[in-house]
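> Sharing a model prediction with you, sequence too.
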Amino acid sequence: MNTNLKIRVKDRIGLVNEITTMISDLGITILKHDANVISSKGMEISSFNAKLYSEDYRSFALLKRKCEKIKGLVSFSFSDFT
């Protein structure tokens, strides 16, 4: 099953590595991703977007719990489960 992941986090060094490692450690495949930094309300926000694949829906539930614990998390969402 595929899904799109969107994460917004206060920018810091190593953030993209932290997110991609977290995803791959759960056995989820990153089909494509992009990341950039935007300024919002006087702070730098890293915007990470990815298309993910996993045969096991439960791995996305585990990823959701891990995302909720990311230091500086602003928002995240999954969409378009197929």
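Received the coordinates, thanks. Residues are numbered from 1 along each chain as shown.
> And the pLDDT at residue 81?
Predicted confidence (pLDDT) for residue 81: 67.
> what are the ranges of the helices in this structure?
Applying DSSP state H to the chain gives helices spanning 15-25, 57-67.
> Alpha carbons of the first one, in CSV - could you do that?
By that I understand helix 15-25. The C-alpha coordinates for helix 15-25 follow below in CSV (Å, rounded to 0.1, in the frame of the first residue of the first chain):
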residue,chain,number,x,y,z
LEU,A,15,16.6,16.1,10.6
VAL,A,16,16.2,14.5,7.2
ASN,A,17,18.5,11.7,8.2
GLU,A,18,16.5,11.2,11.4
ILE,A,19,13.2,10.9,9.5
THR,A,20,14.5,8.7,6.6
THR,A,21,16.2,6.4,9.1
MET,A,22,13.0,6.1,11.2
ILE,A,23,11.1,5.2,8.0
SER,A,24,13.5,2.6,6.8
ASP,A,25,14.0,1.0,10.2
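> List the buried residues for it?
Applying a neighbour-count criterion of 16 or more other C-beta atoms under 10 Å, one finds 15, 16, 19, 22, 23 buried in helix 15-25. C-beta: built from backbone N, CA, C; applies to glycine.
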